[in-house]
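Student: structure for the following, please:
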Amino acid sequence: MKKPIIILTIIVVLGILYSIFLHKQSEYIAGEYRYYTAFEKYKAKEKSVDFAPLAYENDDYNLEKLKDKAKNEIDKLEEFRIELNSLYNLIYKPDNSLSDYENYIETLKKLNIEIEDNQKYYEWQKNDLTELNRYIDKIEQDLYSIKLYEADIFYVSSVINSIDSTATRYKNSLKLLELASASRGLKLAKQIEAENERKRQELIAQIELKRELKRLKKEREYNNYSNYPSSSYINSSNWNNSYSDYSSISVPSLPSYSTNDLPSLPSHYYSTNTNPNHVEVDGYYKSDGTYIESHMRTAPNSTIIDNFSTSPNLNPYTGKIGTIKFK
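Tutor: Numbering: from 1, shown residues only. Okay, the predicted model is just below:
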């Protein structure tokens with residue numbers, strides 16, 4: 001009876017010894033699991049000073065890994081600076097287009113998001129360093145190693161704070177560049193709009209000039225026709241004057257739509273039986289942006305058979321024969 005009790009007691013003792021000296025507990029600290037025994041944790045309460053800080057020299061707590069991460073963040077920050085300078089030079093180029101400024105603004109927004117994501121990572125790193133510092137103070141027995149770790153952790157935290165501060169300045173610069181790009185794009189858009197308006201006004205002026213020249217031409221032709229001798233003149237006693245007096249009458253030049261300007265086709269190819277009443281149509285813009293110049297057309301009536309556009313009627317102003325078949 002005593003033998004089983006002794007064996008059981010030995011097993012219990014061994015289990016206790018294993019849980020104290022061999023079984024390792026774990027904590028997730030600074031991005032990785034840290035292992036220690038109950039005995040190591042208990043022993044760490046009694047701090048001592050060793051002349052050789054072996055824990056620090058062997059980097060038992062993997063602080064170098066966190067230092068490397070901080071160095072990588074410095075390299076990323078340098079990449080942000082280079083890209084920021086490149087965007088600055090591009091935005092202030094004199095030959096940018098509206099699409100260029102839109103692309104710059106989009107790139108600046110993406111860069112701002114990247115910097116904000118990195119700043120979140122800076123906060124995680126600082127939290128990791130704080131956790132690691134508390135863990136070392138709890139588990140490490142050597143005060144010399146603890147103080148060296150504290151100094152390094154403080155230095156790395158200062159570096160990350162400096163990186164975070166620089167990233168904030170870069171974000172402010174990004175906002176200023178975004179405003180500058182939007183402002184220059186708006187200024188360019190106004191210049192383009194003003195230039196388009198100038199061209200439109202120039203086109204309108206040209207159209208008005210053509211209309212005015214056409215009006216003056218018609219007025220001149222009308223004045224020339226008014227110089228023909230009237231029937232009263234012919235029936236007067238002047239009719240009996242000599243032929244030399246009659247021949248001295250000045251005959252005006254025919255208007256531009258006289259039969260002299262008709263197409264050189266046999267008369268059976270076209271017709272001049274159009275509506276004798278003509279009206280002028282002002283120039284206008286179609287829905288697709290095409291400009292239609294002012295022109296002459298027949299006055300509206302109840303039929304299209306006498307229109308210029310009806311075949312085979314002849315347009316005396318353009319010399320073209322109508323193409324619309326009248327049924």
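Student: was I right about residue 125 contacting residue 68?
Tutor: No. Here residue 125 does not reach residue 68: they are 11.3 Å apart, not a contact under C-beta atoms under 8 Å. For the C-beta atoms, the positions are set from N, CA and C on the backbone; glycine is no exception.
Student: more crowded one of the two?
Tutor: Set residue 125 next to residue 68 and count neighbours by other C-beta atoms under 10 Å: residue 125 wins out with 21 against 10.
Student: can you pull the pLDDT of that one?
Tutor: Per-residue pLDDT puts residue 125 at 94.
Student: what about the helices in the chain?
Tutor: Assigned by DSSP state H, the helices in the chain fall at 2-17, 38-43, 54-57, 63-91, 98-139, 143-226, 231-235, 243-247.
Student: got these as TSV, with distance to residue 277 columns?
Tutor: Conversion of the helices of the chain to TSV gives the following (distance: least, C-beta to C-beta, whole Å):
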stretch	distance to residue 277
helix 2-17	122
helix 38-43	114
helix 54-57	110
helix 63-91	63
helix 98-139	51
helix 143-226	15
helix 231-235	24
helix 243-247	34
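Student: could you pull up the contacting residues of residue 90?
Tutor: 96, 100, 104 (C-beta atoms under 8 Å, 6 or more residues apart in numbering).
Student: try 7 Å this time
Tutor: Contacts for residue 90 (C-beta atoms under 7 Å, 6 or more residues apart in numbering) come out as residue 104.
Student: which pLDDT value belongs to it?
Tutor: 95.
Student: thinking again about what came up before, between the helices of the chain, which gets nearest to residue 29?
Tutor: Ranking the helices of the chain by proximity to residue 29 (C-beta to C-beta) places helix 98-139 first, at 4.7 Å.
Student: thinking again about what came up before, out of the helices of the chain, nearest to residue 321?
Tutor: Comparing the helices of the chain against residue 321 with C-beta to C-beta, the closest turns out to be helix 143-226 (22.0 Å).
Student: remind me what that closest one packs against, helices and strands.
Tutor: Packing partners of helix 143-226 (3 or more C-beta pairs under 7 Å, 6 or more residues apart in numbering; DSSP states H and E): helix 54-57, helix 63-91, helix 98-139.
Student: next one: that helix to chain centre, how far?
Tutor: 10 Å (C-alpha atoms, centre = their mean, to the nearest Å).
Student: ok, stretch 320-327 next?
Tutor: 51 Å.
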